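Student: Structure of the sequence below:
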Amino acid sequence: MTQTDAARVARTGPYAVKVEAGKDYFWCACGRSASQPFCDGSHRGTTFRPVRFRAEKEEWVWFCGCKQTATPPCCDGTHKTLA
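Tutor: Coordinates of the predicted model:
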């Protein structure tokens, strides 16, 4: 894997997850995890690393599924521009 490799699109829409206050979540940045939208270690051997998200309160969070967001780990609507 090189720095120019792109993340895999896991899904062309966000994952809605109700997060728990004070809990850490590790978002999959590579798109290879079988536990989407969260990391399962499938990035090992690549340049990708999971992104830590700490929930400050219990709420719904929309985690990016296309892995192309400019605001990781949250969806920014980039999936709407994918072919």
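
Student: For T2, give me the pLDDT.
Tutor: pLDDT recorded at T2 is 44.

Student: Same check on D5?
Tutor: Reported pLDDT for D5: 75.

Student: The one 3 residues further on too?
Tutor: We have a pLDDT of 96 for R8.

Student: which non-adjacent residue is nearest it?
Tutor: G31 (3.1 Å; CB to CB, 6 or more residues apart in numbering). Yep, even glycine has a C-beta here, placed from its N, CA and C like the rest.

Student: Which stretches in this protein count as helices?
Tutor: Counting by DSSP state H, the chain has no helices at all.

Student: low-confidence ranges in it?
Tutor: Scanning the chain with the threshold set as pLDDT under 70 gives 1-4.

Student: circling back: wait, the residue nearest to R8 touches Q68, no?
Tutor: No - using CB atoms under 8 Å as the test, G31 is too far from Q68 to be in contact (9.4 Å).

Student: Looking at these two, which one has more neighbours?
Tutor: G31 (21 against 17; other CB atoms under 10 Å).

Student: Against G77, how distant is that one?
Tutor: Distance from G31 to G77, counting by CB to CB, to the nearest Å: 17 Å.

Student: Can you name the residues that contact the residue nearest to R8?
Tutor: 7-10, 67 (CB atoms under 8 Å, 6 or more residues apart in numbering).

Student: quick revisit: show me the common contact partners of G31 and Q68, please.
Tutor: Joint contacts of G31 and Q68 (CB under 8 Å, 6+ apart) are 7, 9.

Student: which one among the contacts of G31 gets closest to V51?
Tutor: Using CB to CB, K67 is the member of these that lies nearest V51, at 10.3 Å.

Student: I'd say that closest one and D5 touch.
Tutor: No - judged on CB under 8 Å, K67 makes no contact with D5 at a distance of 11.7 Å.

Student: the more surrounded of those two?
Tutor: For K67 and D5, the more surrounded residue by other CB under 10 Å is K67, and the numbers stand at 24 against 11.
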